[in-house]
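Participant: build the 3D model from these lines:
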Amino acid sequence: MFEELRPQVPKVKQKELPAIDAKQREIAASISQYGEIKEPHDARVSAAVAGALIALREMPPKLNPVIRSVMNGVKVSELADSSSVACTQSQQLLPVQGER
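Facilitator: Residues are numbered from 1 along each chain as shown. Sure thing, here's the model as predicted:
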């Protein structure tokens, strides 16, 4: 879209295009950085909610979202403590499943 609107800039404003290009690159980099931060954060939040459900022994009708969230928590986790918590949650899920 940015490239499509570029030819419509009046001749008087053409000298400002390098500054606009720099801002566009800055904004694109910020959006990319946000995406890199958001993805693991979302996985951790989902894993925490799944862990809470497991600890409360309140399972939804479909277990796939809970299992997927815990497994993604293990996969995305960079800390050993978080991985061990997710593994413990996985172990606790088995008896809960047996109660269903």
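
Participant: alpha carbons only for contacts and neighbour counts from here, please
Facilitator: Will do.

Participant: give me the mean pLDDT for stretch 18-29.
Facilitator: The pLDDT scores in stretch 18-29 average 90.

Participant: list the buried residues in that stretch.
Facilitator: Along stretch 18-29, no position meets the burial threshold by neighbour count (16 or more other Cα atoms under 10 Å).

Participant: OK, contacts around the residue nearest to residue 69 when sequence neighbours are not counted?
Facilitator: Leaving aside its chain neighbours, residue 69 sits nearest to residue 47 (4.8 Å; criterion: Cα to Cα, 6 or more residues apart in numbering). Contacts for residue 47 (Cα atoms under 8 Å, 6 or more residues apart in numbering) come out as 66, 69-73, 86.

Participant: same thing but at 6 Å, please
Facilitator: 69-70, 73 (Cα atoms under 6 Å, 6 or more residues apart in numbering).

Participant: can you check the pLDDT for it?
Facilitator: 85.
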